[in-house]
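Q: how would this look folded up:
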Amino acid sequence: MAVYVVNEIVVTEPERFQTYADQVPAILAKYGGRYVIRGGAPERVDGTSPPDKLVVLRFESREAARAWRNSPEYLAILPIREATSTSRVYIVDGYDG
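A: Here you go, the predicted structure:
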């Protein structure tokens with residue numbers, strides 16, 4: 001079953017954040033992930049205001065998602081994201097119905 005990594009992001013330093021964002025696609029591809037949503041323009045319909053950016057990644061398994069997230073390549077650039085934004089990130093199972 002496919003799983004999704006959802007990242008709700010509020011960027012605080014756009015220029016520096018972009019150096020992180022530019023490096024993610026190659027690392028993501030190496031671990032079999034792909035973008036479903038990258039940035040977008042979230043529009044509030046109900047509830048609280050959405051974050052600046054919403055990123056949804058798709059992986060074939062939870063193990064693949066964790067391998068990407070814990071990879072040396074990703075961990076090397078993660079401090080850039082952490083210093084230039086606030087995020088809420090989670091892994092969620094897809095639906096095969």
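Q: ranges for the strands of this protein?
A: Using DSSP state E, the strands of the chain run over 3-11, 34-39, 53-59, 85-93.
Q: So which of these is the most surrounded?
A: The highest mean neighbour count among the strands of the chain, using mean count of other C-beta atoms under 10 Å, belongs to strand 53-59: a mean of 19. (Glycine included, C-beta is placed from N, CA and C.)
Q: still on that earlier bit, how about a markdown table for the strands of the chain, with mean pLDDT added?
A: As requested, the strands of the chain are exported to a markdown table (pLDDT from 0 to 100):
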| stretch | mean pLDDT |
| --- | --- |
| strand 3-11 | 95 |
| strand 34-39 | 94 |
| strand 53-59 | 95 |
| strand 85-93 | 96 |
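Q: Output these in CSV; the columns should cover distance to Tyr74.
A: Shown next, in CSV, are the strands of the chain (distance: least, C-beta to C-beta, whole Å):
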stretch, distance to Tyr74
strand 3-11, 11
strand 34-39, 15
strand 53-59, 11
strand 85-93, 12
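Q: Show me the one of those that comes nearest Ile27.
A: Nearest to Ile27, of all the strands of the chain, is strand 53-59, at 10.9 Å by C-beta to C-beta.
Q: quick one: contacts of that closest one?
A: Here strand 53-59 makes contact (C-beta atoms under 8 Å, 6 or more residues apart in numbering) with 2-11, 28, 31-40, 42, 65, 68, 94.
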